[in-house]
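Colleague: sequence below, structure please.
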Amino acid sequence: MTKINIDTISMLPRGMLNAFLVTWGSEAVLIDTGLPKSAPKIARALARRNMGWGNLRLIVLTHGHIDHAGSGKAVADLSGAPVLAHVDEMPYLTGTPPLLRPSGLFGRLFKRTGLINQPFPHVTPDIRMDEDDMDLSGFGLPARVLHTSGHTPGSISVLMNDGRVFAGDLAASGIALGGLILRGRPKSPPFEEDRAAVATSLDRLLTLGGREFLLGHGGPLPASAIKSHIANLT
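Modeller: Okay, the predicted model is just below:
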């Protein structure tokens, strides 16, 4: 197969919010879409690979929070690419405010700002995953999508055959929203709906061969850091 490239799209500076563009040959898959009005950043990432909206084969939303799905509708409209999300995220993608359970002080302070509860254009996924494991080889990508609940009920992760994992907000690193400094130190994201489920999901990804975890906030983290984080969760 043609070499697979992974480009981090910095939606906020210094790793505070990441989306990811996976490209090979003339095709691309987008993992998360960032905040509303992020489409120009995604277009620039495509252009750096000499691609445009028409090269996008699939849009994967790891979960339905505004910082990951806020530009989902815009990118789908521009590209015509199908959107994949778990059926359990449908409420969040279509206007239900998320259940925000802070994981620490920053989460409690951030929740008070109300920023994560801001409305964003509703996203209606074309592919509503309702199983635990979905193969992406039909889209040309040697990877699988796994239902990895915990951060939200319908959180999903993309596990590449080479062991790289797009894990959304199952874990984070750095300070505040991730990034800045201490990016190699794992921690929980600001909000976590089910801490025990997060530990189970991360352990499953390790068991299935996850070796490098690309995260929505901070990262990437090696498997050893994820193991340490699981120990802190349980």
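
Colleague: helices and strands of this structure: which one bottoms out on pLDDT?
Modeller: Least confident helix or strand, the chain: helix 105-113 with a mean of 89, by mean pLDDT, DSSP states H and E.

Colleague: touching that helix from outside, list them.
Modeller: Here helix 105-113 makes contact (C-beta atoms under 8 Å, 6 or more residues apart in numbering) with 100-102, 116, 176-177, 189-191. C-beta coordinates here come from the backbone N, C-alpha and C atoms, glycine included.

Colleague: one more pass at 7 Å, please.
Modeller: 100, 102, 116, 176, 190-191 (C-beta atoms under 7 Å, 6 or more residues apart in numbering).

Colleague: kindly report the same for stretch 196-203.
Modeller: 148-151, 170-171, 192, 226, 229-230, 233-234.

Colleague: which of the residues you listed sits closest to residue 160?
Modeller: Of all the contacts of stretch 196-203, residue 148 has the smallest distance to residue 160: 14.4 Å, by C-beta to C-beta.

Colleague: quick one, what contacts the closest one?
Modeller: So residue 148 contacts 155-157, 170, 201, 204-205 (C-beta under 7 Å, 6+ apart).

Colleague: again with residue 62
Modeller: Contacts of residue 62 (C-beta under 7 Å, 6+ apart): 31-32, 68, 155-157, 166, 168, 216.

Colleague: what do you get if the cut-off is 8 Å, keeping everything else the same?
Modeller: 31-32, 68, 155-158, 166-169, 216.

Colleague: identify the residue spatially nearest to it, adjacent ones excluded.
Modeller: Spatially, and ignoring its direct neighbours in sequence, residue 62 is nearest to residue 168 (3.0 Å; C-beta to C-beta, 6 or more residues apart in numbering).

Colleague: look at the one you found and report its pLDDT.
Modeller: Listed pLDDT for residue 168 reads 98.

Colleague: can you count the residues close to it?
Modeller: Neighbourhood size, residue 168 [other C-beta atoms under 10 Å]: 30.

Colleague: same thing with residue 175?
Modeller: 16.

Colleague: can you pull the contacts of it?
Modeller: Applying C-beta under 8 Å, 6+ apart to residue 175 gives the contacts 181-182.

Colleague: likewise residue 46?
Modeller: Neighbours of residue 46 in contact, by C-beta under 8 Å, 6+ apart: 21, 28, 52-53, 55-56.

Colleague: which stretch of helix or strand covers the spatially most central residue of the chain?
Modeller: Centroid check for the chain by C-alpha atoms, centre = their mean gives residue 168 as the closest residue, at 3.0 Å. Assignment of secondary structure by DSSP states H and E places residue 168 within no helix or strand.

Colleague: and the longest helix along the chain, C-alpha only, in CSV?
Modeller: Criterion DSSP state H: the longest helix present in the chain is helix 195-207. Coordinates of each C-alpha in helix 195-207 appear next as CSV, following Å, rounded to 0.1, in the frame of the first residue of the first chain:
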residue,chain,number,x,y,z
ARG,A,195,-14.0,7.0,34.6
ALA,A,196,-14.2,3.2,34.9
ALA,A,197,-15.3,2.8,31.3
VAL,A,198,-12.4,5.0,30.2
ALA,A,199,-10.0,2.6,31.9
THR,A,200,-11.7,-0.4,30.3
SER,A,201,-11.6,1.3,26.8
LEU,A,202,-7.9,2.2,27.1
ASP,A,203,-7.0,-1.2,28.3
ARG,A,204,-8.8,-2.7,25.3
LEU,A,205,-6.9,-0.5,22.9
LEU,A,206,-3.6,-1.6,24.5
THR,A,207,-4.6,-5.3,24.3
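
Colleague: list the buried residues for it?
Modeller: By neighbour count, with 16 or more other C-beta atoms under 10 Å as the criterion, the buried positions of helix 195-207 are 195, 197-206.
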